[in-house]
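**Q** Pasting the sequence and the predicted model now:
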Amino acid sequence: MNEGLIPRRYAKALYKVAVERGDAQLMYGLMNRLHAVSEAESGLGAAVANPFLSVKDKCDIIKTAAGEGADNATFVDFLKLLSENKRLDIIFAVARDYSALYRSERNIYKVEVVSASPLSPSDETRLKSIIEKNLNGGSMEYTSSVNPDLIGGFTVTIDNRRLDASVRNELKQLRVNLLK
């Protein structure tokens, strides 16, 4: 069976139960933290998959990674379900899929702006306004960062779409055109 399909099915089931219990937003926060921690700490997945660790230890690791709210009944029940089905090792993939499903169901877009230098507050406000107008009534989770390698300009990533208005990209395009 497709490894992406199993976590997606668990994520859908968790979402359905969380909505019924009124915990969907709390689960979204927990799942976002789990996903972010698993991305930052590459050994976390290996620790949870370690056959020499007890289920309790694995659940403790997951709860610690999830942070505040991990004692929520829906989350604890979900961990119990995963452990009974011997699927604790897919928790981080489930977290990723749950977050994507939650955003999709609530029309929330992940927006990341990377600029060559820090944007002024007025430029950032203007950019956010322009982005919001193009989200068809959706809301956004906005993050920004600075990457001097862009040389100048910025990139905007909305979910999986990217607008690259950087000097680095312009130079790359110019080089490609000159080599033709």
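**A** The structure has been received and is ready for your questions. Nothing here was measured: the structure is a model prediction, and the numbers come from that model. Residues are numbered from 1 along each chain as shown.
**Q** My read is that residue 27 contacts residue 14, right?
**A** Yes. Counting by Cβ atoms under 8 Å, residue 14 is a contact partner of residue 27 at 6.5 Å. In this view, the C-beta of every residue, glycine as well, is placed from N, C-alpha and C.
**Q** Identify the contacts common to the two.
**A** 74, 98 (Cβ atoms under 8 Å, 6 or more residues apart in numbering).
**Q** Near residue 175, how many other residues are there?
**A** Here the neighbour count serves as a burial measure; for residue 175 (other Cβ atoms under 10 Å) it reads 9.
**Q** which residues of this protein fall in strands?
**A** Under the criterion DSSP state E, the chain carries strands at the ranges 108-115, 139-146, 153-158, 161-166.
**Q** wait, what's in contact with the nearest residue to residue 48 once chain neighbours are set aside?
**A** What sits nearest to residue 48 in space, not counting adjacent residues and going by Cβ to Cβ, 6 or more residues apart in numbering, is residue 58, at 5.2 Å. Residues in contact with residue 58 (Cβ under 8 Å, 6+ apart) are 47, 48, 50, 83, 88.
**Q** Buried ones among those?
**A** Applying a neighbour-count criterion of 16 or more other Cβ atoms under 10 Å, the buried members of these are 48, 83, 88.
**Q** what's in contact with the helix or strand of the chain with the lowest mean pLDDT?
**A** Across the helices and strands of the chain, the lowest-confidence element by mean pLDDT, DSSP states H and E is helix 167-179, at a mean of 84. By Cβ under 8 Å, 6+ apart, the residues outside helix 167-179 that reach it are 116, 149, 150, 151, 152, 153, 155.
**Q** repeat that with 7 Å
**A** Applying Cβ atoms under 7 Å, 6 or more residues apart in numbering, the contact partners of helix 167-179 are 149, 150, 151, 152, 153.
**Q** Thank you kindly, that will do.
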